[in-house]
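Q: Need coordinates for the following:
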Amino acid sequence: MYTKNNALKKKISDWLIVMFFMISIMIIVGGLTRLTDSGLSITEWQLFSGFLPPLNESDWENYFALYKMIPEYKLQNFSMTLDEFKVIFWWEWIHRFLGRLIGISFLIPLIFFTINLGFKKLTNLYFIFFLICFQGFIGWYMVSSGLVDRVDVSHFRLSLHLVVAFIILSLIFWNFLKLRNFNLSKDKLNFYLPLIFLILIFFQISIGAFVSGMDAGKIYNTWPLMGTNYFPDDNKFINLFNLNAFSDPSLVQFMHRNLAYLILFFYFFILFKIYKYKKKNFFNIIKLIGLILFIQIILGIFTLIYGAQIFFSSMHQISSIFLVSTSVYFYYLNSRPN
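A: Now for the predicted structure:
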């Protein structure tokens, strides 16, 4: 893959794993930016001049004046002081700074490797770079949804932003694994089992973003029931089959809960298949996925019970990085060689 030069392959793989950790940090900071309601604190997208933070009191006043013009301030944070604004501003600024840093950290080495290998051998990495640039556009597209008629961003755009981040993370990790030539399993499972499991994880991340975007984790703070029933008291089951269900907080929380149960059931189905047919090459990874999945579910329950407190919500998102990464590795082990 890419080249037969092992030294160059190692350089590329080392670079990719650094990018993997940088994007993981970006996802964590992005989650904290959302949890602290900081995402709308910077109301303009200045690709180059925005690289620097406010350098004096006049700059701070200008940024604060812009923030005062949007609905979030007028309807929700009208009593906010400049010092309070600075707190949410720094979260969003750090988030954007990391985005710029990731773009530069990906582009410069990519140019270097292109000089050595040519464009054709690196087309998949250029596709990842395109996604990174596209992610920047999605980020602004998301923020812009909260600047005119609402006090928060569109949960659909938030979900797209998060899912694309995990796609980028997964593609980088996949390319890292191929470069390092991690041994594929010779004794394969059904090809679709790891793939379906990974798709379910991504779908759950998407629904989880809906929960976060609509603050749906702050209602029905009981488990295993939603209030006094399995189905939310304020809704009808038939409403699940309406497209508006994805904009209904209680129904979205219901989906997120039950998709977790489905993923757990499907995990046990895969586990059964692996042990029944003695696919020993998958024993370690499936046990690791099981451990992470268990932690993820427990964190999800605690996040719910404690009303989406920042600590549990953030840990829940961090554990999803581990769950996606191990699921990608599981899928890689079962893939066919080039």
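
Q: contacts and neighbour counts: CA atoms only from here.
A: Fine.

Q: Now do the helix or strand where F130 lies: which elements does it pack against?
A: Per DSSP states H and E: F130 is located in helix 123-144. Contact here means 3 or more CA pairs under 8 Å, 6 or more residues apart in numbering; DSSP states H and E; on that basis helix 123-144 packs against helix 82-117, helix 155-179.

Q: Just give the nearest non-adjacent residue to L35, would you?
A: I310 (6.2 Å; CA to CA, 6 or more residues apart in numbering).

Q: which residues touch the one you found?
A: Neighbouring residues of I310 by CA atoms under 8 Å, 6 or more residues apart in numbering: L32, L35, T36.

Q: pLDDT at it, what is it?
A: Confidence at I310, expressed as pLDDT, is 94.

Q: which regions of this protein sit below the pLDDT cut-off?
A: By pLDDT under 70, the low-scoring segments of the chain are 1-3, 48-49, 185, 337-338.

Q: hey, where'd the helices end up in the protein?
A: With helices called from DSSP state H, the chain shows them at 6-35, 57-67, 71, 82-117, 123-144, 155-179, 192-213, 249-276, 283-305, 310-333.

Q: So for G50, which of the ones you listed sits nearest?
A: Closest to G50 of these is helix 82-117 (CA to CA; 8.5 Å).

Q: rewinding a little: tell me the angle the helix holding F130 makes with helix 155-179.
A: 160 degrees (axes from the mean of the first three to the mean of the last three CA atoms, to 10 degrees).

Q: What residues sit buried inside helix 123-144?
A: 125-126, 128-129, 131-133, 135-136, 138-139, 141-144 (16 or more other CA atoms under 10 Å).

Q: Can you tell me which of these is nearest P249?
A: M142 (19.0 Å).

Q: Residues in contact with stretch 45-60: which ones?
A: With CA under 8 Å, 6+ apart as the criterion, stretch 45-60 contacts L82, K86, W93, F97, R100, W140.

Q: filter those residues to the buried ones?
A: Neighbour-count burial within the contacts of stretch 45-60 applies to K86, W93, F97, R100; the criterion is 16+ other CA under 10 Å.

Q: returning to that earlier point: if you rank the contacts of I310 by neighbours, which is first?
A: L32 (21 neighbours; other CA atoms under 10 Å).

Q: does that residue really touch S314, like I thought?
A: Yes: the pair formed by L32 and S314 meets the contact definition of CA atoms under 8 Å, at 6.6 Å.

Q: what residues go with each domain of the chain?
A: Domain ranges of the chain: 1-182, 185-338, per automatic domain parsing.

Q: Quick check: chain neighbours aside, which residue is closest to M315?
A: L299 (7.0 Å).

Q: which ones are touching that neighbour?
A: Residues counted as contacts of L299 (CA under 8 Å, 6+ apart) are F312, S313, M315, H316.

Q: Equivalent analysis for K218, please.
A: Counting by CA under 8 Å, 6+ apart, the residues that K218 touches are L304, G307, A308.

Q: out of the residues you listed, who has the most neighbours?
A: Neighbour tally across these (other CA under 10 Å): the maximum, 24 neighbours, falls on A308.

Q: Could you measure from it over to Y267?
A: Per CA to CA, to the nearest Å, A308 is found 26 Å from Y267.

Q: Using JSON lines, lay out the contacts of I310 together with distance to K188.
A: Formatted as JSON lines, the contacts of I310 follow (distance: CA to CA, whole Å):
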{"residue": "L32", "distance to K188": "39"}
{"residue": "L35", "distance to K188": "41"}
{"residue": "T36", "distance to K188": "45"}
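
Q: and of the residues you listed, the nearest to N244?
A: L35 (24.3 Å).

Q: Most distant residue from the centre of the chain?
A: Outermost residue of the chain with respect to the C-alpha centroid, by CA atoms, centre = their mean, is S58; its distance is 35.3 Å.

Q: What are the buried residues along stretch 186-202?
A: Neighbour-count burial for stretch 186-202, with 16+ other CA under 10 Å as criterion, is recorded at L189, L193, P194, L195, F197, L198, L200, I201, F202.

Q: CA atoms only: put stretch 210-221 into PDB for me.
A: The C-alpha atoms that make up stretch 210-221 are tabulated as PDB, following Å, rounded to 0.1, in the frame of the first residue of the first chain:
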ATOM      1  CA  PHE A 210     -30.100  14.500  18.300                       C
ATOM      2  CA  VAL A 211     -30.400  13.800  22.000                       C
ATOM      3  CA  SER A 212     -27.600  16.300  22.700                       C
ATOM      4  CA  GLY A 213     -28.900  18.900  20.300                       C
ATOM      5  CA  MET A 214     -32.400  19.000  21.700                       C
ATOM      6  CA  ASP A 215     -31.300  18.500  25.300                       C
ATOM      7  CA  ALA A 216     -33.400  15.400  25.300                       C
ATOM      8  CA  GLY A 217     -31.100  13.900  28.000                       C
ATOM      9  CA  LYS A 218     -32.600  16.300  30.500                       C
ATOM     10  CA  ILE A 219     -36.100  14.800  30.400                       C
ATOM     11  CA  TYR A 220     -37.200  11.300  31.600                       C
ATOM     12  CA  ASN A 221     -34.200  11.000  33.900                       C
END
